[in-house]
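A.B. asks: No sequence on hand, only this structure:
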């Protein structure tokens, strides 16, 4: 028996909703791979949102003041691809037919930069939810900075469609907690409450009261009993848009695989095609022609394509508002346009401090704090914070204010930066929420108009590794400050002492890792990080003091721009018989060892290698000039896992690294006990050149 259309739906509504459903079903069946169930159940809310609420222009997917839509439940990608195709984005039907095929613009999970209209790469559940929180934060911040009476030039909503899996993941819980605290009233999440996960009914694992949980977070919560009831969904969206002081969660009770006679409300329809026979039966049950596949009725297409004219009108209205803004606030308009494009002002780096030689030195985390503060004074788009570690990571922006809701927090503002309290503040207090911090930073970067940064200890980079990986996959301009970078941090012991983390970060494609040797290399590293627009950067910094190297006797720190450089050459320009390589805090150690080796008649070259990724993209001639192939006696020194260093030292070289966990003791004691001394470096170096046993 065919299912009649819902009383809240006109015949045209039902036709449009079923068009979404069966484009999704046919694409998954054609690929023989995918997740048809979610698009089948969530099609009504997707249709309603995209045709009546979402302000967007399919002809210009990057229009800055568009509403953002995040499909956090990325396995339901065909819902998004169907909506993008139907509303007129540059995603033709031929691409829908190539779903999950190599080289298509319809990959299994949505990918930012690959498919027009996809705002962020989703797939790992909960990440998209965190991204949406970051987008809403960016919108709130930029609106507070640039909007003027009668001229709200940054004024849009962030919508997010989430599933049960998203709300199970811890990253979403962290992000939801912070969003509720921040009172992000223009963040609206639709929850596809179908009560089925990939492997089971959620009754086996997920029986908490989600509405009560989000209400406790400080969210506005609305429940819709029937996912096919357009009137109820519309009323819920109206209520959410009217609620300006809280983010909104709309729980929509849907049925996964809606319409399938044998698969509806089963976990089998979550992650597997229906099968040819079940596709036929489902189409018959919903009154849809069984042939041809990929049918798009002209009447439905015409309804969806009204988005083109409406989007054009919305963007033109915004352009008119911007023209008035340019006339009344020309300086602000220039600044807004600059940060939207992501360009940095000419000469901004001249504000950065230069550090004079200082044997006692300073930690690179402290130098980084001074550099960041100076950069932020010239680049107001810099915004960020730490996972409750500002006193340790030195990542406060002085006088940058606090990104907080205007109301709340009056009773105790310990740790506030000031003087500003509100969304225009640039210091974000993430709390102890590394997972959410990473996802939120990605959302802010994807939104545009900001250069976001986050900070924590290097050992805790594991907490935000999924977000780091996604930032690299999307090519987002995000900066991570990782301090306490080795066993040298000392008494906190092995739980806090990074060992394998540098190797793990270096393994992520398109993540640039920079571990500077001293304060001046740190300044160069910050310049590189802020200028980089094609992916994230990790700055890896020391807790312990390091000498500010005397560059009158050594190469300029500008050599770090090429990832690796000869910081000290053999005197007289002779060919070296040994190359000492190091990054970060161990560069000063090998420089000290080189002096002893020189006294013993050993011709040593010292190479600082702060970034493998940057060094690897240099021309072969340069790399060979730094590491001559003919010099095979090479010793690398780094207070971390030696994994990967053999690409630089070769079969005849050696590595002094850390292949076990650290220990709780003063940092200098731990370093000594683990072999990071000039004596040990000299001994190992002499062994490599066949002079083992000589005094070091």
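C.D. replies: Structure's in. What do you need? Keep in mind that what you see is a predicted model, and the values were worked out from it rather than measured. Numbering: from 1, shown residues only.

A.B. asks: Off-centre distance for stretch 331-349?
C.D. replies: With Cα atoms, centre = their mean, to the nearest Å as the basis, stretch 331-349 stands 22 Å off its chain's centre.

A.B. asks: Now do the buried residues in it.
C.D. replies: Under the neighbour-count criterion of 16 or more other Cβ atoms under 10 Å, stretch 331-349 has 332, 333, 335, 336, 339, 340, 344, 348, 349 buried. Bear in mind the C-beta positions are built from the backbone N, C-alpha and C, glycine included.

A.B. asks: Please tell me the pLDDT value assigned to the closest residue to residue 680 other than its chain neighbours.
C.D. replies: In space, and not counting its chain neighbours, residue 680 is closest to residue 656: 6.8 Å by Cβ to Cβ, 6 or more residues apart in numbering. Listed pLDDT for residue 656 reads 98.

A.B. asks: how about the buried residues of stretch 331-349, which pair is most distant?
C.D. replies: Farthest apart among the buried residues of stretch 331-349 by Cβ to Cβ are 333 and 349. That separation is 24.6 Å.

A.B. asks: For the stretch 151-300 of the chain, just list every one of the strands.
C.D. replies: 158-162, 187-193, 220-224, 248-253 (DSSP state E, counting those that start in this stretch).

A.B. asks: which helices and strands does the first one pack with?
C.D. replies: The contact analysis (3 or more Cβ pairs under 8 Å, 6 or more residues apart in numbering; DSSP states H and E) places strand 158-162 against helix 37-48, strand 68-71, helix 127-146, strand 187-193.

A.B. asks: Quick check: which of the ones you listed is nearest to residue 594?
C.D. replies: helix 127-146 (45.6 Å).

A.B. asks: Which elements pack onto that closest one?
C.D. replies: Counting by 3+ Cβ pairs under 8 Å, 6+ apart, helix 127-146 packs on strand 68-71, strand 158-162, helix 164-168, helix 170-182, strand 187-193, helix 330-341, helix 434-447, helix 465-474.

A.B. asks: Run the angle between it and helix 330-341 for me.
C.D. replies: Interaxial angle of helix 127-146 relative to helix 330-341 (axes from the mean of the first three to the mean of the last three Cα atoms, to 10 degrees): 160 degrees.

A.B. asks: So what angle separates the directions of helix 127-146 and strand 187-193?
C.D. replies: Using the same axes, to 10 degrees, helix 127-146 lies at 160 degrees relative to strand 187-193.

A.B. asks: count of neighbours near the closest residue in space to residue 136 that isn't next to it in sequence?
C.D. replies: In this structure, residue 136 finds its nearest non-sequential neighbour in residue 187, 3.8 Å apart by Cβ to Cβ, 6+ apart. Per other Cβ atoms under 10 Å, the neighbour tally for residue 187 reads 29.

A.B. asks: same question, residue 308
C.D. replies: Using other Cβ under 10 Å: residue 308 sits among 15 other residues.

A.B. asks: tell me which element it falls in.
C.D. replies: If you go by DSSP states H and E, residue 308 is part of helix 298-328.

A.B. asks: could you say what helices and strands that helix packs with?
C.D. replies: helix 11-31, helix 77-87, helix 330-341.

A.B. asks: Would you mind saying which of those helices lies nearest residue 687?
C.D. replies: helix 330-341 (54.4 Å).

A.B. asks: tell me which residues of whatever helix or strand comes next after that closest one are tucked away?
C.D. replies: Using DSSP H and E, the next helix or strand after helix 330-341 towards the C-terminus is strand 358-362. For strand 358-362, a neighbour-count test (16+ other Cβ under 10 Å) marks 361, 362 as buried.

A.B. asks: follow-up on the earlier one: tell me the most buried of the helices and strands packed on helix 127-146?
C.D. replies: helix 434-447 (a mean of 30; mean count of other Cβ atoms under 10 Å).

A.B. asks: Output the contacting helices and strands for the one helix or strand residue 593 maps to.
C.D. replies: Following DSSP H and E, one finds residue 593 within helix 586-599. Contacts defined by 3+ Cβ pairs under 8 Å, 6+ apart place helix 586-599 against strand 565-568, strand 578-582, strand 604-608, strand 634-637, helix 678-688.

A.B. asks: Name the residues that touch the second one?
C.D. replies: This means strand 578-582. For strand 578-582, the surrounding residues in contact (Cβ atoms under 8 Å, 6 or more residues apart in numbering) are 517, 564, 589-590, 593-594, 597, 602-609, 627-628, 631, 633-638, 645, 648-649, 681, 685, 688-689.

A.B. asks: hmm, which of these are the buried ones?
C.D. replies: Taking 16+ other Cβ under 10 Å as the criterion, what is buried in the contacts of strand 578-582 is 517, 564, 589-590, 593-594, 597, 602-609, 627, 631, 633-638, 645, 648-649, 681, 685, 688-689.

A.B. asks: Report the central residue of the protein.
C.D. replies: residue 442 (3.0 Å; Cα atoms, centre = their mean).

A.B. asks: Please name the residues that touch that residue.
C.D. replies: Contacts of residue 442 by Cβ under 8 Å, 6+ apart are 120, 127, 130, 131, 134, 467, 470, 471, 474, 476, 478.

A.B. asks: Throw these into CSV and include distance to residue 438, thanks.
C.D. replies: Below are the contacts of residue 442 laid out as CSV (distance: Cβ to Cβ, whole Å):
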residue, distance to residue 438
120, 13
127, 9
130, 8
131, 10
134, 10
467, 3
470, 8
471, 8
474, 12
476, 11
478, 8
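
A.B. asks: what would the residues you listed look like in TSV with pLDDT?
C.D. replies: Below are these laid out as TSV (pLDDT from 0 to 100):
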residue	pLDDT
120	98
127	98
130	98
131	98
134	98
467	98
470	98
471	98
474	98
476	98
478	98
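
A.B. asks: How many residues are close by residue 11?
C.D. replies: Neighbours of residue 11 (other Cβ under 10 Å): 9.
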